[in-house]
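J.: generate a structure from the sequence data that follows.
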Amino acid sequence: MIDVIGKLKEVGLFGRSGSGFPTGEKWEMVKNAKSRKKYIICNASEGEPGTHKDQYILKYYPDKVIAGIKIALATIENSSAYIYLKHDFLTEFGKKLEKLIEDAPIKLFEKKGGYLAGEETVLCEVMEGKRAEPRLRPPYPAEKGLEGFPTLVNNVETFYAVAKIVDGSYKNERFFTISGDIGNGGVYEFPLEWTIKRVLEETENIPKMDFFVHAGGGAAGEILLANELDKKIEGMATIIVYDKVKTDVWMLMTGWIDFFLRENCDKCTPCREGAIRIKELVESKNTDKETWEDLFFALENTSFCYLGKSIPRSFRSLINKVLK
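T.: Residues are numbered from 1 along each chain as shown. Got it, this is the predicted structure:
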C-alpha cells in the first residue's frame, strides 16, 4: 500500500488555498493526533474576486476531488469528512458530488457567511453554528478544529492534486484564472515553475497596449508592471490584466476596499477602522504616501487575522507603481 503522506512530502505538494502550507506535514499532524474522532474538510468556499479555479475543478474533475477526500479518509483513521460549499456551488454541483460520494462518510455542508468564512478557523466556527470570526492560533485546526477534534482542512484543488499524485498523473501544475483587458480569459492549468509572462504568452494574453497585472488574488494580490512578469505562478490563483491608460485606478481601489469592508468581521479594531480609513483616502484621492504607509503598518502588524494583514498589498503596489 502506498505511503500517501510520504508521497505528498516527496512531491512537495503545498496547500492551494493561498497559505502554501506543506500538505504532507498537515496530514501527518492530523494522522498522529491522539483522538477518538477526526474530521476532514474540503473547503469549497471560493470567494476571492476574480477567482474561479475551484468552480472549474468541481465542474470538470469532481471525481478527482472526491477521490482525494477518500484517500484522506483512508489515511487518517477515525475520520469522517465534509465538503464545505458556498451556496452557488452546492446548487450547481451538489447532486453530482453526492453521486460520487456513494457510501463514503462524506457530507455536504452549505457555507454560512462571506469571504472570511472560508478561512479554516472561521470555517470551524461557522460549522459549529457560531459567528464568523477567526480563532486565536495556536491551537491550529490540525490539533483542535471542528468540535475540538483534530481537523484537516484543504481546499478543492489540493484534494484534486492529491488524487493525481496517488494515481501517478500529477505534473507539478496548478490552476489559475486569467481575466481583464485580454482576449482569452479563462481557467488554465500550467507548471508551477512557469512565470506570469510565459503564462500570458502561452495563452495569447500579452496585450499590445501599456498594461499592468494584478496577480495573486482579485483583491488581496500584488500589482506588477509589464517589466515585472518574471515572477513564478507558484502561489497565485488569479491573474488580472488592466489597460494602464484606460483604467481608473481610484475606481479600481474603490472595488477593493468595498470588498474588504463588506467581508470584514469587525472582530478587531485595526482591520475594521483601517478599512474605513482607506475608504476615506480613496474617496478623497489622497496621494500622500506617508499617510498610506502609516495605515499599512498598523494593518499589517496589529490585525488579528490574515484579512487585515492582506489589505495593504494591492493598494501599496498600485500606489507606488501606477500612481507614483
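J.: in a helix, residue 212, correct?
T.: No: secondary structure of residue 212 (DSSP: H, G, I helix; E, B strand; the rest coil): strand, not part of a helix.
J.: and the gap between it and residue 253?
T.: Per CB to CB, to the nearest Å, residue 212 is found 13 Å from residue 253. To be clear about C-beta, it is placed using only N, CA and C from the backbone, and glycine gets the same treatment.
J.: those two - which one has more neighbours?
T.: The neighbour comparison of residue 212 against residue 253 (other CB atoms under 10 Å) goes to residue 212, with 24 against 21.
J.: got the contact list for the more buried one?
T.: Counting by CB atoms under 8 Å, 6 or more residues apart in numbering, residue 212 touches 223, 224, 225, 226, 241, 242, 244, 321, 322.
J.: ok, 10 Å please
T.: 180, 223-226, 228-229, 240-244, 247, 249, 317-318, 321-322 (CB atoms under 10 Å, 6 or more residues apart in numbering).
J.: quick check: neighbours shared by residue 212 and residue 253?
T.: residue 318.
J.: how's this structure carved up into domains?
T.: Taking automatic domain parsing as the criterion, the chain consists of the domains 4-167, 173-243, 249-323.
J.: mind checking the end-to-end distance for the second one?
T.: Which is domain 173-243. This stretch, domain 173-243, spans 28 Å end to end (CA to CA, to the nearest Å).
J.: and it, average pLDDT?
T.: Average pLDDT, domain 173-243: 93.
J.: got it, and stretch 20-38?
T.: Computed over stretch 20-38, the average pLDDT equals 94.
J.: starting at the chain centroid, how far to that stretch?
T.: Chain-centre distance of stretch 20-38: 20 Å, with CA atoms, centre = their mean, to the nearest Å.
J.: CA atoms of that stretch as PDB?
T.: Written as PDB, here are the backbone C-alpha positions of stretch 20-38 (Å, rounded to 0.1, in the frame of the first residue of the first chain):
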ATOM      1  CA  GLY A  20       1.200  27.500   1.000                       C
ATOM      2  CA  PHE A  21       1.500  25.200   4.000                       C
ATOM      3  CA  PRO A  22       3.100  21.800   3.100                       C
ATOM      4  CA  THR A  23       0.300  19.300   2.600                       C
ATOM      5  CA  GLY A  24       2.200  16.200   3.800                       C
ATOM      6  CA  GLU A  25       3.000  17.900   7.100                       C
ATOM      7  CA  LYS A  26      -0.500  18.900   7.700                       C
ATOM      8  CA  TRP A  27      -1.800  15.400   7.000                       C
ATOM      9  CA  GLU A  28       0.800  14.000   9.300                       C
ATOM     10  CA  MET A  29      -0.200  16.300  12.100                       C
ATOM     11  CA  VAL A  30      -3.800  15.200  11.900                       C
ATOM     12  CA  LYS A  31      -2.900  11.500  11.500                       C
ATOM     13  CA  ASN A  32      -0.600  11.500  14.500                       C
ATOM     14  CA  ALA A  33      -3.000  13.300  16.800                       C
ATOM     15  CA  LYS A  34      -4.400  11.200  19.500                       C
ATOM     16  CA  SER A  35      -8.200  11.400  19.300                       C
ATOM     17  CA  ARG A  36     -11.300   9.100  19.100                       C
ATOM     18  CA  LYS A  37     -12.600  11.300  16.300                       C
ATOM     19  CA  LYS A  38     -11.100  13.400  13.500                       C
END
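J.: so which bits of that stretch are buried?
T.: 23, 24, 26, 27, 28, 30, 31, 33, 35, 38 (16 or more other CB atoms under 10 Å).
J.: wait, the last one sits on residue 77?
T.: Yes: Residue 38 is in contact with residue 77 according to CB atoms under 10 Å; the separation is 7.6 Å.
J.: what about the strands in the stretch 101-250 of the chain?
T.: Taking DSSP state E, counting those that start in this stretch as the test, the strands found in the stretch 101-250 of the chain are 106-110, 151-155, 173-180, 186-191, 211-215, 222-225, 238-243.
J.: taking strand 238-243 as reference, get the angle to the fifth one.
T.: Which is strand 211-215. Orientation of strand 211-215 against strand 238-243 (axes from the mean of the first three to the mean of the last three CA atoms, to 10 degrees) gives an angle of 160 degrees.
J.: ok, strand 211-215: who's next to it in the sheet?
T.: The strands that strand 211-215 pairs with in its sheet are strand 222-225 (antiparallel), strand 238-243 (antiparallel) (by DSSP bridges).
J.: to residue 173, which of the ones you listed lies closest?
T.: Residue 173 lies closest to strand 238-243 among the strands paired with strand 211-215, at 15.0 Å (CB to CB).
J.: if you count neighbours, what's buried in the closest one?
T.: Quick answer for strand 238-243 (16+ other CB under 10 Å): 238, 239, 240, 241, 242.
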